[in-house]
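In: sequence first, then the predicted structure:
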Amino acid sequence: MTQRLGMDADLGYDPNFLSIEVAAPTAQESIRGDVLLWDGGAILPYTHFSLAMIVARRFAYWVAWNIDGGALKKLSRAKLAFMKDERIPPDAQTGNELYSGNRLDRGHLARRSDLIWGALEKAQMANSDSFYYTNIAPQMDDFNQSSQQGVWGRLEDALYEDVEVDDLRVSVMAGPVFLDDDQVYRGVRVPREYWKILAYSLNDQLSVRAFLLTQDLDAVRSVTALDEFRVYQVDLFKLEERTGLLFPAVMHSAGVGAAELLDAGARTAVDQTSGIRW
């Protein structure tokens, strides 16, 4: 599999997947030196998604993927194992040593169900590729599992339910927010915030919607009930401020602006999917 990932030219996030080009994010100058370099660049391609790793944290800085809603397949995850990507050093990525014996889920940043579309062979490759630890981040089990019907696990589903997306095509970006005071657990600073962006065309006009999830990881050390986490709809300037990433101007002009969001700080709390401003 490693050889295939290194040789297949038809891999990775496609910025031209929608009717308008939507490029992947780039790192701001202050953190550009923290991004892991591979094969002369910073981007690791997989089937239907790409990502960039942050050296000090050993997690993906961002993951970008494409969803073809009209060509999705239902494939089993049985017998698929989580694995490290052999293209980069083992100590540049966090493996199962973080997740055993606690309530941390090995959470897919690019959702497995989003990736398995297209010809069967491609869908099967995407299904397997989604289990690389480079696409995994620690997430508390009660917000990661979409079966819990939480807002975070249903953002892509809610979009398809509420919006007549052109050609059923969506481009998505997501990642952790790395904060200086993130809790250290088993030698790893565990992110307590995550972000996600959905980009789609509606009547040939680009729309971009951004979200931030904040979680409390105090419960990692215990088996007691978790404190609540909150999902906020935010503008892209807020995400750039929180993440150190830069998003292209075309995405900014297609987003919901701070003036349209209700809460202070250019964000509004979303307690159920019906509260999302599409």
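Out: Perfect, I can see it now.
In: from Ala23, how far out is Trp62?
Out: Distance, Trp62 to Ala23, by C-beta to C-beta, to the nearest Å: 12 Å. Every C-beta, even on glycine, is put in place using the N, C-alpha and C of the backbone.
In: return the distance of Ala64 relative to Pro15.
Out: For Ala64 relative to Pro15 (C-beta to C-beta), the value is 8 Å.
In: again, but for Gly153
Out: Applying C-beta to C-beta to Gly153 and Pro15 gives a distance of 26 Å.
In: what segments of this protein are helices?
Out: Under the criterion DSSP state H, the chain contains helices at 2-7, 112-115, 120-129, 141-144, 155-162, 236-243, 249-253.
In: neighbour count: Trp62 and Ala23, which is higher?
Out: Trp62 (26 against 16; other C-beta atoms under 10 Å).
In: picking up where we left off before, how about JSON lines for the helices of the chain, with mean neighbour count, distance to Tyr200 and mean pLDDT added?
Out: JSON lines is the format used below for these (neighbours: other C-beta atoms under 10 Å; distance: least, C-beta to C-beta, whole Å; pLDDT from 0 to 100):
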{"stretch": "helix 2-7", "mean neighbour count": "12", "distance to Tyr200": "28", "mean pLDDT": "53"}
{"stretch": "helix 112-115", "mean neighbour count": "22", "distance to Tyr200": "13", "mean pLDDT": "97"}
{"stretch": "helix 120-129", "mean neighbour count": "18", "distance to Tyr200": "20", "mean pLDDT": "97"}
{"stretch": "helix 141-144", "mean neighbour count": "18", "distance to Tyr200": "23", "mean pLDDT": "56"}
{"stretch": "helix 155-162", "mean neighbour count": "17", "distance to Tyr200": "7", "mean pLDDT": "95"}
{"stretch": "helix 236-243", "mean neighbour count": "19", "distance to Tyr200": "15", "mean pLDDT": "92"}
{"stretch": "helix 249-253", "mean neighbour count": "14", "distance to Tyr200": "12", "mean pLDDT": "94"}
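In: give me the more crowded residue out of Ala64 and Pro15.
Out: Ala64 (28 against 16).
In: contacting residues for the closest residue in space to that one that isn't next to it in sequence?
Out: Excluding the flanking residues, the one nearest Ala64 by C-beta to C-beta, 6 or more residues apart in numbering is Tyr13, at 4.0 Å. Tyr13 sits next to 24, 45, 48-50, 64-66, 171 when contact means C-beta atoms under 8 Å, 6 or more residues apart in numbering.
In: any idea how far Tyr13 is from Gln233?
Out: Relative to Gln233, and taking C-beta to C-beta, Tyr13 is found at 23 Å.
In: Lys122 now?
Out: Noted for Lys122: a distance of 32 Å to Gln233, by C-beta to C-beta.
In: do the same with Trp195
Out: 11 Å.
In: any shared contact partners between those two?
Out: Common neighbours of Trp195 and Gln233 (C-beta under 8 Å, 6+ apart) are 210-211.
In: thinking again about what came up before, find the residues that touch each one of Ala64 and Pro15.
Out: 24, 171.
In: and Lys268, bridged to which residues?
Out: In this structure residue 268 is Thr, not Lys. Thr268 forms beta bridges with Gln233, as assigned by DSSP bridges.
In: Gln183: neighbour count?
Out: A count of nearby residues for Gln183, using other C-beta under 10 Å, gives 15.
In: my guess is it contacts Pro191. True?
Out: No. With contact defined as C-beta atoms under 8 Å, Gln183 does not count as touching Pro191 (9.3 Å).
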